[in-house]
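**Q** what's the 3D shape of this:
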Amino acid sequence: MRRGTYSRLPPFQQGGLDSLCGLYSIVNAERIINHSTDDQAQDLFDTMVHFLSRKRLLTRILLDGVIHSHMVLILEKVVNGRIPSLEIPWRSQPTPELDPFWESMREFLDGTPGRAIILSLNGYHDHWTVVHSISSKSIFLYDSDEIRRLPRSECTTARHRRTHLLLPAQTYFLSKN
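**A** Prediction:
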């Protein structure tokens, strides 16, 4: 192949052709909470893949991604025990105002070790990610797609003209206790 033909196209990144960000968000949250080793993280990933294969969900998830019901199933059936405390505090309020949702994430993370939040995004990113800390102006991520920060000024919980739509009803507060 001639040099000029491919050099203008960026190479695909790991995971660029699959939709496994949901599984990576679980592995990354578990790593924050339990300080898991690479081998332990690989074991969790392998266990989730085998579980999804047995449930005949693997192909759908590889191609279309993890939806909320899949995430709950994986967290309850596979991850339960590794992460003892799972809360979905906004499940019954799918579109609260940004301020109370943001504040609830800040209060939950509040510097206490062994806590993480799995957050579902739409808008610019259709993505599952992990929140490791949050300030009054930004969400800081531990993310499989190298997204580092979401500025508050670009976030919303309702369909507004903002870049990042946060989905509170699909947000998981995870901790050791």
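**Q** Least confident secondary structure element in this protein?
**A** Every helix and strand of the chain was ranked by mean pLDDT, DSSP states H and E. The lowest is helix 3-7, at a mean of 49.
**Q** Name the SS class of the one residue sitting closest to the centre of the chain, please.
**A** Nearest residue to the geometric centre of the chain (CA atoms, centre = their mean): residue 129, 2.6 Å. Secondary structure, DSSP: H, G, I helix; E, B strand; the rest coil: residue 129 is strand.
**Q** Could you do the one 3 residues further on as well?
**A** Taken by three-state DSSP, the conformation at residue 132 corresponds to strand.
**Q** which residues in this protein form strands?
**A** Assigned by DSSP state E, the chain shows strands spanning 85-87, 115-123, 127-134, 138-141, 149-151, 155-156, 164-166, 172-175.
**Q** Run the angle between the third one and strand 115-123 for me.
**A** Just to be clear, that refers to strand 127-134. 130 degrees (axes from the mean of the first three to the mean of the last three CA atoms, to 10 degrees).
**Q** Any buried residues in strand 127-134, and which?
**A** Across strand 127-134, burial judged by 16 or more other CB atoms under 10 Å covers 127, 128, 129, 130, 131, 132, 133, 134. Where C-beta positions appear, they are placed from N, C-alpha and C, glycine not excepted.
**Q** which among those residues gets closest to residue 82?
**A** Minimum distance to residue 82 across the buried residues of strand 127-134 is 14.6 Å, recorded for residue 130 (CB to CB).
**Q** I'd guessed the closest one sits against residue 25; true?
**A** Yes. At 5.3 Å, residue 130 counts as touching residue 25 under the criterion of CB atoms under 8 Å.
**Q** Quick check: neighbours shared by those two?
**A** Residues touching both residue 130 and residue 25 by CB atoms under 8 Å, 6 or more residues apart in numbering: residue 118.
**Q** Of the strands of the chain, which is nearest residue 49?
**A** strand 127-134 (15.8 Å).
**Q** outside of the closest one, which residues touch it?
**A** 21-22, 24-25, 28-29, 32, 65-66, 71, 102, 105-106, 109, 116-121, 139-145, 147.
**Q** buried subset of these?
**A** 21-22, 24-25, 28-29, 32, 65-66, 71, 102, 105-106, 109, 116-121, 139, 141-144, 147.
**Q** Flag the shaky bits of the chain, pLDDT-wise.
**A** The chain contains residues with pLDDT under 70 at 1-14.
**Q** beta partners for the closest residue to residue 28 other than its chain neighbours?
**A** Distances taken as CB to CB, 6 or more residues apart in numbering place residue 130 nearest to residue 28, at 4.6 Å, with adjacent residues excluded. Note on residue 130: beta-bridge partners by DSSP bridges are residue 118.
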